[in-house]
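Asker: Here is the input, now give the coordinates:
(one chain, ligands or ions: 2)
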Amino acid sequence: MTAKRAIGRHESLADKIHRHRGLLLVISIPIVLIALVLLLMPGSSTSVSVTMKSHEGGSNSRGPKNYAVIFDAGSSGSRVHVYCFDQNLDLVPLENELELFLQLKPGLSAYPNDPRQSANSLVSLLDKAEASVPRELRPKTPVRVGATAGLRALGHKASENILQAVRELLKDRSRLKTEANAVTVLDGTQEGSYQWVTINYLLRTLGKPYSDTVGVVDLGGGSVQMAYAISEEDAATAPKPLEGEDSYVREMYLKGRKYFLYVHSYLHYGLLAARAEILKVSEDSNNPCIVTGHSGTYKYGGNAFKAIGSSSGASLDECRRVAINALKVNDSLCTHMKCTFGGVWNGGGGGGQKKIFVASFFFDRAAEAGFVDPKQPVAEVRPLDFEKAANKACNMRMEEGKSKFPRVEEDNLPYLCLDLVYQYTLLVDGFGLKPSQTITLVKKVKYGDYAVEAAWPLGSAIEAVSSP
Ligand SMILES: O=c1[nH]cnc2c1ncn2[C@@H]1O[C@H](COP(=O)(O)OP(=O)(O)O)[C@@H](O)[C@H]1O
Ligand SMILES: [Ca+2]
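Answerer: Ligands and ions are numbered 1, 2, ... in the order given. From the prediction side, this is the model:
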């Protein structure tokens, strides 16, 4: 025994390798095979953006509670979400809600020439978010800032200056942990996949077969995303993306299952960007989408557009035609099996798109138009509800607005016909939904006794607390 131990202690590395060669061979064969498969995979898909391990064994080496602070630097406003997860990656309450959620307007991109002021617009959110994390956990708590369409559209130099100012703000003012790449412009497919993770996490469909998951649409101010899980066979036939675009399919491991996620983000097709596209068409004259009695200018992305209603009234049909043109639905660019619009592959449909959860401006406008209850977290509607409301909005005069649509914000009233027509057109002509198909408009998703905002930052938080 003693002799053996003595030998073991003085064994050289070469001896060890020799002694364990059988074991090493067994371990290395699958590693080499996996590496080969990864190398040979077609260029149509990128792998793992959100890795969420199954935590059944409670193998998380961190403390019992993990906080994450995620800033959503959206084109129309900035928001912060603070979440707290237990070891099983379940959300646990912070005080009496499952998240801290705060928001303000305008967004970072409203200060294109003043990076410091842009970054400082986050101070009040940062201070309150940090205060909600227990003092001793702050240095272990990741903070991320994800900017979306607003900074994407601003161009590289201006947006990088703003992000740098935000990095400095976090360093100077906060004790939260900033990982490398914590402050970035999210690419559109990342934003779409986080949104899909958020909603399916809250619905507890992650880990189930892909056809039990739900698809998501997120209509922001600057861009719109669609994401849904597809079969491995469909993923294999994904066309190559257009030049300069991200690939169509992301592979993700979530709760022990591999998903092939079709995801696409359409930059410049967000609701506020679409208003500009639609107003451009009429230049200095009347626009068929603007409510009668309004004459003004619409500002977007540093440009101003005339927004003048015709004295004979807005027209649903004419406005539809302009919106369809703006979407480039019948674009000759479509070289794939089937396209949505603008030459983009539609993902092939299938089980992961049977149920669609539609978020952000879809919910907000439906609430303002009065066909969903803003106090409810979700509402089941059909695209034709948008058309019906559009018909009413396009046929009113400005002075009737308050009585016909009491919930509409004053600034939105001249554009209510335009917004509702665009939303209907996007769903039906763009994404190819039937006007009568039931879809779920979502603001929040019920999770146990609570309701959580249906927004991409939760997907990012899940990644932040589950990555090594
Ligand atoms: O966390 C959220 N909860 C509810 N609504 C949200 C949340 N985040 C964004 N929104 C909604 O998204 C819309 C604005 O989109 P945003 O400013 O994020 O544009 P972007 O995504 O194109 O950058 C608004 O209707 C806003 O209310
Ligand atoms: Ca957004």
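
Asker: quick one: contacts for K306?
Answerer: K306 makes contacts with 279, 282-285, 287, 297-298, as judged by C-beta atoms under 8 Å, 6 or more residues apart in numbering. The way it works is simple: take the backbone N, C-alpha and C, and place the C-beta from them, glycine included.

Asker: Are we agreed that it is in a helix?
Answerer: No. Under DSSP: H, G, I helix; E, B strand; the rest coil, K306 sits outside any helix and is assigned strand.

Asker: mind checking how far the residue in the stretch 251-400 of the chain positioned nearest to ligand 2 is from L441?
Answerer: The stretch 251-400 of the chain approaches ligand 2 most closely through S360 (6.0 Å), counting by C-beta to the ion. Between S360 and L441 the computed distance is 10 Å (C-beta to C-beta, to the nearest Å).

Asker: burial measure for P241, as a count.
Answerer: 17 (other C-beta atoms under 10 Å).

Asker: and the closest residue to it other than its chain neighbours, how many neighbours does it have?
Answerer: Leaving out its chain neighbours, the residue that sits closest to P241 by C-beta to C-beta, 6 or more residues apart in numbering is S247, at 5.3 Å. As a burial measure, S247 scores 17 neighbours (other C-beta under 10 Å).

Asker: residues in the stretch 301-450 of the chain within reach of ligand 1, list them.
Answerer: Counting by C-beta under 6 Å from any ligand atom, the residues of the stretch 301-450 of the chain close to ligand 1 are 360-361, 364, 443.

Asker: Would you reformat these as CSV and include pLDDT, distance to P115 and secondary structure?
Answerer: Formatted as CSV, those follow (pLDDT from 0 to 100; distance: C-beta to C-beta, whole Å; DSSP: H, G, I helix; E, B strand; the rest coil):
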residue, pLDDT, distance to P115, secondary structure
S360, 96, 27, strand
F361, 98, 28, helix
D364, 97, 29, helix
K443, 98, 32, coil
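
Asker: ok, G301 - contacts?
Answerer: Contacts of G301 (C-beta under 8 Å, 6+ apart): 153, 273, 276.

Asker: Is the second one in contact with G222, as I believe?
Answerer: Yes. Assessed by C-beta atoms under 8 Å, A273 is found in contact with G222 at 5.2 Å.

Asker: any residues in contact with both of the two?
Answerer: Contact criterion C-beta under 8 Å, 6+ apart; residues bridging A273 and G222 by contacting each: 149, 153.

Asker: Setting aside sequence neighbours, what's the nearest residue to the residue in the stretch 101-250 of the chain that ligand 2 sits nearest to?
Answerer: Taking C-beta to the ion as the measure, the stretch 101-250 of the chain has G220 as its residue closest to ligand 2, at 3.7 Å. Nearest residue to G220 in three dimensions, chain neighbours excluded: G270, at 4.5 Å (C-beta to C-beta, 6+ apart).

Asker: Is that neighbour in contact with G222, as I believe?
Answerer: Yes. Between G270 and G222 there is a contact under C-beta under 8 Å: 4.1 Å.

Asker: tell me, what's touching these two both at once?
Answerer: 75, 149.

Asker: Disregarding flanking residues, what is the spatial nearest neighbour of G293?
Answerer: Nearest one to G293, counting by C-beta to C-beta, 6+ apart, is M398 at 3.4 Å.

Asker: do T237 as well
Answerer: Nearest one to T237, counting by C-beta to C-beta, 6+ apart, is G348 at 7.5 Å.

Asker: The one you found: what secondary structure?
Answerer: Per three-state DSSP, G348 ends up coil.

Asker: what bridges to the closest residue to L176 other than its chain neighbours?
Answerer: Excluding its sequence neighbours, the residue lying closest to L176 (C-beta to C-beta, 6+ apart) is V143, at 3.9 Å. Beta-bridge pairing for V143 (DSSP bridges): V69.
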